[in-house]
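[1] Mind folding the following:
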Amino acid sequence: ALSHHVASSLIFLSLKKLAKSAQALGNMAVICTVDVDEVPIYTDYFEVTLVPSCIFFFNAQHMKVDYGSPDHTKFVGCFRSRQDLINLVECVFRSAMRGSVMVRSPIAPQDVPKYTLLYQDF
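    Below you'll find the model as predicted:
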């Protein structure tokens with residue numbers, strides 16, 4: 001387990017990298033961070049159960065991305081590199097400009113974090 005200080009440092013470094021990526025993507029995207037506890041309606045709607053999760057929108061349209069996993073609604077986990085994030089945003093942007101709402105991920109399948117979907121009956 002990570003100590004609180006180490007975990008906080010990792011989160012800070014990730015946010016710092018995210019800020020640099022936001023500058024590089026300024027002509028294509030606005031990157032927003034959201035506290036999932038503050039917007040439970042969206043957390044439930046998009047089934048955000050693991051953090052971090054990345055959801056894409058273009059002109060208020062939810063963009064879906066085929067990562068080679070069962071869930072096309074969001075990217076779950078950390079990007080392996082800043083360039084992976086940049087490539088994905090560019091791909092989503094270009095596809096959205098052509099009118100597509102479903103995109104194939106440019107990230108290599110082995111670089112997409114793996115997780116198991118668990119469904120629970122209510």
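[2] E90 touches S21, doesn't it?
    No. Taking contacts as C-beta atoms under 8 Å, E90 lies outside contact range of S21: 11.3 Å. (C-beta placed from N, C-alpha, C; glycine too.)
[3] Of those two, which one has the most company?
    In terms of neighbours (other C-beta atoms under 10 Å), S21 is the more surrounded of E90 and S21; the figures are 19 against 15.
[4] quick one, what contacts the more buried one?
    If a contact means C-beta atoms under 8 Å, 6 or more residues apart in numbering, then S21 has 31, 82, 85-86, 89 as its contacts.
[5] Could you do F46 as well?
    Applying C-beta under 8 Å, 6+ apart, the residues near F46 are 53, 55, 73-74.
[6] From the chain's centroid, how far away is stretch 34-54?
    11 Å (C-alpha atoms, centre = their mean, to the nearest Å).
[7] Buried residues, that stretch. List them.
    For stretch 34-54, a neighbour-count test (16 or more other C-beta atoms under 10 Å) marks 43, 46, 48, 52-54 as buried.
[8] Kindly reformat those as JSON lines containing pLDDT and distance to Q61.
    Converted to JSON lines, those look like this (pLDDT from 0 to 100; distance: C-beta to C-beta, whole Å):
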{"residue": "T43", "pLDDT": "82", "distance to Q61": "20"}
{"residue": "F46", "pLDDT": "81", "distance to Q61": "14"}
{"residue": "V48", "pLDDT": "81", "distance to Q61": "18"}
{"residue": "P52", "pLDDT": "80", "distance to Q61": "22"}
{"residue": "S53", "pLDDT": "81", "distance to Q61": "18"}
{"residue": "C54", "pLDDT": "84", "distance to Q61": "16"}
